[in-house]
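Student: based on what follows, work out the 3D shape:
(one chain, ligands or ions: 1)
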Amino acid sequence: MNTFAGVDLHGRTALITGGGRGIGAATAFELARSGAVVALAARNEASVVDVARRLREKGYTAFAFRCDVTDTRQVRDLALSATEAMGRVDILVNNAGTASSNPLARISLQEWNHIMEVNATGTFLCTQAVFDQMVEHGWGRVVNVASIAGLEGGRYIAAYAAAKHAVVGFTRSVAAEADGTGVTVNAVCPGYVDTPLTDETIARIMRRTGISWHDAMRGVLETSGQSRLIRAEEVAEVILSLCAEEAGATNGQAIVLDGKDTP
Ligand code: NAD
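Tutor: Predicted structure coming up:
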């Protein structure tokens, strides 16, 4: 059941970064189903082209763009192309992200910089690229996909947690700037979600420790205190709810999906 079936986004346009798979692709379907025209961007162009094609097959309007969110010029071009294709950008979902896990002693500067750039700098660049047009229009929704790791730390995730804490701090600060403009800026903070990113995390643990998939998954869920993986669609529904007309009074919040419920 779609618990947010009442959200009507007809007449709205949405730009979703990292829309080629996982939470980004699920969000594209959720927003399109609610009536929004969507534009998807990712480093891997084939993946967003494929998601856009599947959306169009269902009768939705969807565009796909290649963009590395860490590259200032590509982000500027993305904002221009998405605005040209859709008329304007009403909703921005900063979903592109990447993770790593390593004990502090093994985190290279290159790994640290990469994790910070994709998760934090990418969110900053994309928001900066469309924020003014939202304010000028008097309506906008920015939803940043942070993580539980944006609110608390954990073993071996110092780089990822630092980057996601940066995303939450950025969210709260830009929300303060947006106050009273009709634009809201919020973050969603899920625990482990059933996506290719989590598949990669499990594979990394198996590779390093030699334990089975089952034990690696049990360890991950125990560490995060989750009873199960969260579905990408569940995150997408919370993102959708923050994009609703009725969500105008929710600004600067970090909404937690802790996955502690029963299946
Ligand atoms: P995913 O790896 O399945 O998808 C990530 C998407 O981001 C892909 O489309 C990829 O192409 C894109 N991307 C990566 N680097 C990029 C870059 N530099 N420029 C443009 N696009 C880029 O991941 P997911 O699990 O769907 O995660 C989406 C977001 O949710 C991320 O920000 C992630 O940190 C966050 N998150 C994930 C989980 C989880 O357990 N999977 C939990 C909490 C938060």
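
Student: how many other residues sit next to Ala159?
Tutor: A count of nearby residues for Ala159, using other Cβ atoms under 10 Å, gives 22. From N, CA and C alone the C-beta is placed, and that goes for glycine too.

Student: check the secondary structure at it for me.
Tutor: Secondary structure assignment for Ala159 (DSSP: H, G, I helix; E, B strand; the rest coil): helix.

Student: likewise for the one 10 residues further on?
Tutor: On the three-state scheme (three-state DSSP), Gly169 is labelled helix.

Student: phi and psi next, for Ile16.
Tutor: Here is the backbone geometry of Ile16 (degrees, to the nearest 10): phi -120, psi 120.

Student: close enough to count as contact, Val143 and Val93?
Tutor: Yes - contact criterion Cβ atoms under 8 Å: Val143 and Val93 qualify, at 5.0 Å.

Student: which parts of the stretch 1-150 of the chain sit against the ligand?
Tutor: Neighbours of the ligand within the stretch 1-150 of the chain, by Cβ under 6 Å from any ligand atom: 17-18, 20-24, 42-44, 47, 67-70, 95-99, 118-119, 122, 145, 147.

Student: among those, which lie within helices?
Tutor: Under the assignment DSSP state H, those contribute Gly22, Ile23, Gly24, Ser47, Gly122 to helices.

Student: wait, which of those residues is closest to the ligand?
Tutor: The ligand lies nearest to Gly22 out of these, by Cβ to the nearest ligand atom, at 2.2 Å.

Student: tell me, how many residues neighbour the closest one?
Tutor: 23.

Student: measure the residue nearest to it when sequence neighbours are not counted to Thr72 for me?
Tutor: The shortest distance from Gly22 to any non-neighbouring residue, by Cβ to Cβ, 6 or more residues apart in numbering, is to Thr195 (3.3 Å). Using Cβ to Cβ, to the nearest Å, Thr195 is found at 27 Å from Thr72.

Student: which one of the two has more residues nearby?
Tutor: Between Thr195 and Thr72, Thr195 has the larger neighbour count (other Cβ under 10 Å), namely 21 against 12.

Student: contacts only, for the closest residue to the ligand within the stretch 51-200 of the chain.
Tutor: In the stretch 51-200 of the chain, the residue that lies nearest the ligand is Gly97 (2.0 Å; Cβ to the nearest ligand atom). Counting by Cβ atoms under 8 Å, 6 or more residues apart in numbering, Gly97 touches Gly18, Val118, Asn119, Gly122, Val145, Leu197.
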